[in-house]
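A.B. asks: make a model of this:
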Amino acid sequence: MITLKEVHKKYSSEVAIGPVTLEIPTGGITALVGPNGAGKSTMLTMVGRLLGIDSGSIEVAGYDVASTASKDLAKIVSILRQENHFVTRLTVRQLVGFGRFPHSKGRLTPADEEIISRSIDFLDLSELEGRYLDQLSGGQRQRAYVAMVLAQDTETVLLDEPLNNLDMKHSVLMMQHLKRA
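C.D. replies: So this is what the prediction gives:
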């Protein structure tokens, strides 16, 4: 479960978010819906501790996001931001392998390799796994990033606009994949 209690974030005297109190149950898919600039991405990045909160508290699976060690939090929650900067000389398989870092610390085991392969297969990227990220379309690259997050193998996965750059066919397929995940 994700729990936000009286969470506030202030950017300026005119731009603030909160107070937000919210409980999101474990399992299933929950979508945050609202207009551009409403704070949806900010909320996700605060839950994933990529952005600090000004006041309040956030818990994921009973762990306080602010005080849980990063190495432990990375085994509980994974996040894919709306915008991702990529190193062009990474292959799809190498990128997906980064999802295993919280578990392997860079020394991939056969079990890690199996999880990487499953994530690649799950998102129909097998034919692309040896290609470099700069050789992919935006939609293919987005699927590779989602595979990386799934390879992290956390109970909670935060995806900020996971359908970005996907055509209609792959948007439908992505939602079907996420329902199965």
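A.B. asks: looking at the protein, which helix or strand is least sure?
C.D. replies: Within the chain, confidence by mean pLDDT, DSSP states H and E is lowest for helix 168-180 among all helices and strands, at a mean of 86.
A.B. asks: now that helix: buried residues?
C.D. replies: 170, 174, 177-178 (16 or more other Cβ atoms under 10 Å). C-beta here means a position set from N, CA and C on the backbone, and glycine is covered the same way.
A.B. asks: what helix or strand is the residue sitting nearest the centre point of the chain located in?
C.D. replies: Computing the C-alpha centroid of the chain and ranking residues by Cα atoms, centre = their mean puts residue 79 first, at 2.3 Å. Secondary-structure element containing residue 79, defined by DSSP states H and E: strand 77-80.
A.B. asks: by contact count, what packs against that strand?
C.D. replies: On a contact count with 3 or more Cβ pairs under 8 Å, 6 or more residues apart in numbering; DSSP states H and E, strand 77-80 meets helix 40-47, helix 138-151, strand 156-159.
A.B. asks: in the sheet, which strands lie alongside that strand, parallel or antiparallel?
C.D. replies: For strand 77-80, the paired strands and their directions (DSSP bridges) read strand 156-159 (parallel).
A.B. asks: which other residues reach the partner strand?
C.D. replies: 2, 26, 44, 47-48, 60-61, 76-80, 146, 149-150, 178, 181 (Cβ atoms under 8 Å, 6 or more residues apart in numbering).
A.B. asks: which of these are buried?
C.D. replies: Burial by neighbour count, judged by 16+ other Cβ under 10 Å, picks out 2, 44, 47-48, 60, 76-80, 146, 149-150, 178 from the contacts of strand 156-159.
A.B. asks: many thanks, have a good one.
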